[in-house]
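Asker: Dropping a prediction and its sequence here:
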Amino acid sequence: MDARRKLGIRAGNTVRVWQKIEELKIGKAANKKEVTTRNVRRQAFEGMVLAVKHGTEAGATFTVRRVASGVGVEKIFPLYSPIVDSIEILRRARVRRAKLYFIRRKAASEIKHAMRRQMQIGSAETAEEKSSEPEAPQKVEIAVE
């Protein structure tokens, strides 16, 4: 608990959060009784910390955002939860805000601009394809000496 308090997670940091995920499989054994198997695995979630709430007290949480396949994904992790296996700080950034919620809008507007550029490029390519019709073969005379 003391180690996580000393991490000093702040908004703007890029972190990798290792989370324990428990998978339960219910099946039938050879004697036809139900058997439950537990499998615990670790999954990493890497992204930028948008906000830290409630400081370092028992109910402290932090919000991590990442963009996966063009879709923004945010997760809120409790700081002292046993489900959170470990937290690695990959990069520290100096920001001027305590909560970086404006990043959501900024990312969305950047995506819109990129989509507009793709649409314009796509429409320009189709116009060029339409104008470039196959030309009729021309006769060429070659002088042989």
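Answerer: Nice, thanks for sending it over.
Asker: residue ranges of the helices in this protein, please?
Answerer: Ranges of helices in the chain, per DSSP state H, are 2-7, 102-131.
Asker: Which of those comes out lowest on mean pLDDT?
Answerer: For the helices of the chain, mean pLDDT drops lowest on helix 102-131, to a mean of 66.
Asker: hmm, who's touching stretch 5-12?
Answerer: Stretch 5-12 is contacted from outside by 15, 48-52, 56, 62, 79, 87, 89, 92-95, 97-100, using C-beta atoms under 8 Å, 6 or more residues apart in numbering. Every residue, glycine included, has its C-beta placed from N, CA and C.
Asker: Kindly recompute the last result at 7 Å.
Answerer: The contact list for stretch 5-12 (C-beta atoms under 7 Å, 6 or more residues apart in numbering) reads 15, 48-52, 56, 62, 87, 89, 93-95, 97-100.
Asker: Then stretch 53-71?
Answerer: Against stretch 53-71 from outside (C-beta under 7 Å, 6+ apart): 5, 9, 15, 17, 45-52, 72-80, 103, 107, 111.
Asker: Export it to PDB, keeping only CA atoms.
Answerer: Only the C-alpha atoms of stretch 53-71 are listed here, as PDB (Å, rounded to 0.1, in the frame of the first residue of the first chain):
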ATOM      1  CA  LYS A  53      -9.300  11.500  -7.600                       C
ATOM      2  CA  HIS A  54      -9.100  11.500  -3.800                       C
ATOM      3  CA  GLY A  55      -5.300  11.700  -3.700                       C
ATOM      4  CA  THR A  56      -3.800   8.800  -1.800                       C
ATOM      5  CA  GLU A  57      -6.700   8.000   0.600                       C
ATOM      6  CA  ALA A  58      -8.200   4.500   0.700                       C
ATOM      7  CA  GLY A  59     -10.800   5.200  -2.000                       C
ATOM      8  CA  ALA A  60      -8.400   6.900  -4.500                       C
ATOM      9  CA  THR A  61      -8.900   6.200  -8.200                       C
ATOM     10  CA  PHE A  62      -7.200   7.200 -11.400                       C
ATOM     11  CA  THR A  63      -8.500   7.300 -15.000                       C
ATOM     12  CA  VAL A  64      -6.400   6.000 -17.800                       C
ATOM     13  CA  ARG A  65      -7.200   6.600 -21.500                       C
ATOM     14  CA  ARG A  66      -5.900   5.000 -24.600                       C
ATOM     15  CA  VAL A  67      -7.000   4.800 -28.300                       C
ATOM     16  CA  ALA A  68      -7.400   1.200 -29.600                       C
ATOM     17  CA  SER A  69      -8.300   0.700 -33.200                       C
ATOM     18  CA  GLY A  70      -9.400   4.300 -33.600                       C
ATOM     19  CA  VAL A  71     -11.700   4.200 -30.600                       C
END
